[in-house]
Structures are given as structure tokens and as C-alpha cells.
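> Coordinates for the following, if possible.
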Amino acid sequence: MKKIICSLIFLAAMASTASAQAPANPFITLGTAGGPEADARSQPANLMQAGNDWYLVDAGDGAAVQLAKSGVRLPDVTGLFISHLHFDHTGGVLALLGLRMQLNAFNTFSIYGPPGTKAFVEGILKGMDPAREAAYGMPGVSWVANVEITELVDGSTLEFDGMTVHVAENSHFLIPESAGEPEKAKSLSFRFELEDRSILFTGDTGPSERVEELAQGADILISEMMDIAVVLETVRRNNPNMPEQQFSDVDWHLSSHHLLPEQVGEMAANAGVKQLIITHMVPSVNTEEDAAKYIDIIDDYFDGEIIFANDLDSF
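Residues are numbered from 1 along each chain as shown. Sure, this is the predicted structure:
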């Protein structure tokens, strides 16, 4: 029988078990909420070690606080991978850059993301000019950002000491062919090839053959998950006067741009991964009953280990 772990907020023992089994280069789920609604969980953010370097993978609101809770100092982080530019995945970037300046972090902070990342980061830095120039109010002293930005596309490959990163464009911004319009933005999934294992991080995505191809044989698949029926019930309850066409558009967006539990299981099975870690859960999975319900669904498709991640779990 396969091993199934439900790492839930109220099960501290389960969380510590995951941490105790963490390899030399851990992947830490700093924030596991799905946006855009605020949640008791922190917004999407992750931290990964590669050799002597630390990298953030997405940086939603509160990423700097979660980083401190992980025990890693912000100046010790080498860079940030951004899967896409939705604010629940990028809301913490201003704080990260500003706090680096206040801490006088002179090491280069490398930011990697989809097209549009350069404009996004440069816009933030421009808005920070008054505070950057004022610094601590000392004569002749101002802060510097020390940021390098690299935009990635489908098929991009990066090589660092001890790590190779492969990039695939996923379906999170899919536009139907019938619309006759180009996609408005790009969303990326990353495969991190480390010395001891391979990790596929989907970011936000709908069903995607390209992501399955990139994930083939990976040791770990870190995937989003959404119970769309429950979300639509919430949308209807919170917006009782929403026009039917708008509600239909929301339904199409969620169904095309996110993954149902069964689709997560199918992706993991088709990719032949060993372990499935679920984060960015909408709604959040906070009870044993909810976890068991979703595990039963995923288990029909995927025979490997299933873990529902907590904030600050380490794998």
C-alpha cells in the first residue's frame, strides 16, 4: 500500500515528519494559500536550496515574513523565480526589494520570470525612488537595488552551480482559438534539476501536455489544486447579483486555467513522478475530512505518495 501523508495545519506532528525527512537541499513551502482571497495561510511563496544558494519560487504577500520564519535571512537569498505575474504570486516583491536595501544587501538579486517581468520589477523600483534616495537620511548615502532581471520563455534553460532549470509555458493564460486573439500574458512551470533529485513546480496552470512533458520522471511534482465547484458556490454566494455571462466567464476561467483534483492525479500519473506535493489549494484543505475526500479522488489516478503541504513545510 502506498504511503499517503496529509500535512495539515492542525497536525504539527505530520509537518515535523516532513521536515525530518528533508534532504540536504530542501524545498520549503513558505505560503500555500491560493489567491486572490486572503486566507489564514500565507500567499503563494516557496524557498529552495541549491548547493550553497537559496532561491525563492514565487513571492506572494508576506513572503519576507515567511522567509524569516524559515530561518533564512533575506540577504542570503540569491534570486527569485516568478511563475506568472498575478499579484497573489508577486505581492511580496516590493517588500523583498525594499528590505534588501534597508539591510544594505550588496549581493546581486537575480529575478527570473515570464515576459513582462522586467516592466513589473522596474516599475516597482521606480516607485521606490524617493525612499531609495532618502535611505536612512545620512548625508551622501542612498540605497542600491542590485537587481538583475531575466525574462524566460518556453524552452528556456538556465545553468547554475549544482542546478539546471528547464522552463515550459503552461495553460494558465490560455485563450480559446475561437476568440481570435493572442494570449495576454505567459505563465511558466519550472523543472529544477538538482544534484540529488528533480523537482517540477507547476505554478498556476490548467491541464497542460507541455507541463506533463517537462515533468516526466521527476522525483517530485509540486502542483496547484482547485475544487472549482466549491469556488463557484462561493463566487455566487458573495456576488448574488453577478450577471450570468460574467459568472459563465468565471467558470470558464477557473476550468481552463486551474487543475481539479482528478486532473492533478492524471498529471502526476502521466508524468510518472514519484511524489506529489499539493499547494496553492483553493479552498484550503484544513481538516482530515477534506484531505481524505481529495486523496480518494487523486488516488484513483496516481499511485505515488501524496502530500498536502502546510506553510513552512520542508521537503
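> Is residue 306 in a helix, a strand, or coil?
Three-state call for residue 306 (DSSP: H, G, I helix; E, B strand; the rest coil): strand.
> same check, this time on residue 99
Quick answer, by three-state DSSP: residue 99 is helix.
> Distance check, it against residue 171.
Counting by C-beta to C-beta, to the nearest Å, the separation of residue 99 from residue 171 is 34 Å. (Glycine included, C-beta is placed from N, CA and C.)
> With residue 114 instead?
In terms of C-beta to C-beta, residue 114 sits 13 Å off from residue 171.
> okay, these two: which has more neighbours?
residue 114 (24 against 20; other C-beta atoms under 10 Å).
> That one and residue 186, how far apart?
Residue 114 is 4 Å from residue 186, by C-beta to C-beta.
> and what of residue 274?
29 Å.
> neighbour count winner among these two?
residue 186 (21 against 14).
> Would you check how far apart that one and residue 152 are?
Taken as C-beta to C-beta, the span from residue 186 to residue 152 is 9 Å.
> Kindly report the same for residue 250.
From residue 250 to residue 152 the distance is 29 Å (C-beta to C-beta).
> Buried ones in stretch 251-259, by neighbour count?
For stretch 251-259, burial by neighbour count (16 or more other C-beta atoms under 10 Å) applies to 254, 255, 257, 258, 259.
> hmm, who's touching that stretch?
Contacts of stretch 251-259 with the rest of the structure, by C-beta atoms under 8 Å, 6 or more residues apart in numbering, involve 171-174, 176, 202, 204-207, 223-226, 228, 231-232, 267, 282.
> Repeat that for stretch 149-168.
50-51, 53, 81, 110-118, 121-122, 169, 186, 188-195, 208, 210-211, 213-214.
> Now it: average pLDDT?
Here stretch 149-168 scores 96 as its mean pLDDT.
> so how far is the first residue of that stretch from its last?
Stretch 149-168 has its terminal residues 18 Å apart, counting by C-alpha to C-alpha, to the nearest Å.
> Adjust the sequence numbering to begin at 6 for everything that follows.
Fine by me, first position is 6 from now on; the one you just mentioned is stretch 154-173.
> From the chain's centroid, how far away is it?
Centre-to-centre, stretch 154-173 and its host chain are 16 Å apart (C-alpha atoms, centre = their mean, to the nearest Å).
> Quick check: residue 86 touching residue 61?
Yes - counting by C-beta atoms under 8 Å, residue 61 is a contact partner of residue 86 at 7.0 Å.
> Good, wrapping up.
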